[in-house]
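Undergrad: what follows is a predicted structure for the sequence shown.
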Amino acid sequence: MDTPGERPGVDARAALEQLLLDGPRRYTRLQVAALAGMAPERTQRLWRALGFPDAADDDPAFTDADVAVLGVLSTLIDSGFVGPETEASIARAMGQSLSRLADWQTDMLADALFRAGAHGDRPDATAAEAVEAARTLLPRLREVQDYVWRRHLAANADRLLTVTAPGDRRQLAVGFADLVGYTSRTRGMGGRELGVMVEDFESIAAEVIARHHGRVVKTVGDGVLFTAGSALDAVEIGLQLPVAWAADDRPPLRVGAAYGAVLTRLGDVYSPVVNLASRLTSLARPGTMLVDRDLADHVRQHPAYRVRPLRRVSVRGYDHLQPWLVRRRPAGDAAATPDGGDEHTHDEHGYDEEAFAEDDGRDDGETV
């Protein structure tokens, strides 16, 4: 029987953990709490908030780095920068964001090792090569992550001196972009094919949203939630996304957006405006954008767009909801009604005065 020293995989795993965790696992959760000067219940609450499973009381699952970061957290609380009542929420937000980043980076490393093995002298890459690759890449990834983080802080610099309370209530446009028929279209796809489509969708959405000064709040397999500081930016995002995404082998895209007071907190957004945007998205036909009255009021006098009201409809949470259809105005077309809405009884997407899309039961945004 092999001893641990004769098993390369075990040694490589230990080396990789020591590289990533700045040392071997040597402390139980109770020992970590004692060394950090914190109550065990508090350290366990933070550990769960970061997204990690519980460790048994006698499991030496923690390292010196875990003790050190708890000390840093105590310093932040003592300074007043982080309040004791918000530490778990901050840990949760960081854990969710960085967990996804770690998943992507692990896949990237695995793909690189697979390609190296597939084109090398041996059919597979060894565990030792994984450790060496991580040792080479980790400092570079840290540098890039630090830069991107500081760049995003700089992009929000105009808010630093205006925030007077936890969270930040602002007037924003909130939009959903949703892939129509995603479940049926992807049911027969293999994992790699589905992964390519999801990556294409997220990259195209991120590019269009960033181009018009918007922000991606979150993505799921079949949609993206975004915000924009101005109604015009939101409309440009909503009109360009379906066009940029359109292809014969992709499900079509629809967009809904609303404008109003939004609370931004820990990277997420909270407001009835979010639910309203979700409902409008569920009503939109493929390739089109629907908006609420407030957003329509901001753009319907703009010469670049056609904006017209559609028949009122009742959906979950909203009786007699008034959607507005926004389209780009063709060159030379300046016709508009006195109240700023265009008079059309039918268009190429199937909207008319007697028919309207039914609520399809989407629940996106209900708990955002």
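TA: Nice, thanks for sending it over.
Undergrad: show me what contacts Gly195?
TA: Under the criterion of C-beta atoms under 8 Å, 6 or more residues apart in numbering, Gly195 has no neighbours. For every residue, glycine as well, the C-beta is placed using N, CA and C.
Undergrad: could you check the pLDDT of it?
TA: Predicted confidence (pLDDT) for Gly195: 79.
Undergrad: next, it: phi, psi?
TA: Gly195 adopts backbone torsions of phi -60, psi -40, taken as degrees, to the nearest 10.
Undergrad: distance of it relative to Thr186?
TA: As for Gly195, its distance to Thr186 is 11 Å (criterion: C-beta to C-beta, to the nearest Å).
Undergrad: repeat that for Ser74.
TA: Distance from Ser74 to Thr186, by C-beta to C-beta: 46 Å.
Undergrad: repeat that for Arg306.
TA: 33 Å.
Undergrad: of the two, who's got more company?
TA: Arg306 (20 against 16; other C-beta atoms under 10 Å).
Undergrad: so that one: helix, strand or coil?
TA: strand (DSSP: H, G, I helix; E, B strand; the rest coil).
Undergrad: my read is that it contacts Arg329, right?
TA: Yes - applying C-beta atoms under 8 Å as the test, Arg306 and Arg329 come out as touching, 4.9 Å apart.
Undergrad: what's the burial count for Thr243?
TA: Actually, residue 243 is Val rather than Thr. Using other C-beta under 10 Å, Val243 has 11 neighbouring residues.
Undergrad: from Leu70, how far off is it?
TA: 50 Å.
Undergrad: Ala93 too?
TA: 18 Å.
Undergrad: which of these two has more residues huddled nearby?
TA: Per other C-beta under 10 Å, whichever of Ala93 and Leu70 has more neighbours is Leu70, with 21 against 16.
Undergrad: need the contact list for the more buried one.
TA: Here Leu70 is in contact with Val32, Ala36, Met38, Thr43, Leu46 (C-beta under 8 Å, 6+ apart).
Undergrad: tell me the SS of it?
TA: From three-state DSSP, the assignment for Leu70 is helix.
Undergrad: pLDDT score for it?
TA: The model's pLDDT for Leu70 equals 85.
Undergrad: from Arg100, how far off is it?
TA: 24 Å.
Undergrad: swap in Met197?
TA: 18 Å.
Undergrad: the more surrounded of the two?
TA: Neighbour count, other C-beta under 10 Å: between Met197 and Arg100, Met197 has more, with 20 against 12.
Undergrad: Three-state assignment for the more buried one, please.
TA: Taking three-state DSSP, the label given to Met197 is helix.
Undergrad: list the contacts for it?
TA: Taking C-beta under 8 Å, 6+ apart, one finds Thr186, Met189, Arg250 in contact with Met197.
Undergrad: ok, back up a step: could I get the contacts of Leu70 as CSV with secondary structure?
TA: What follows is the contacts of Leu70, written out as CSV (three-state DSSP):
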residue, secondary structure
Val32, helix
Ala36, helix
Met38, coil
Thr43, helix
Leu46, helix
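Undergrad: could you pull out the strands for the chain?
TA: 168-179, 214-220, 223-228, 253-265, 268-270, 289-291, 305-309, 313-315, 318-321, 324-328 (DSSP state E).
Undergrad: burial check on Tyr147, number of neighbours?
TA: With other C-beta under 10 Å as criterion, Tyr147 counts 10.
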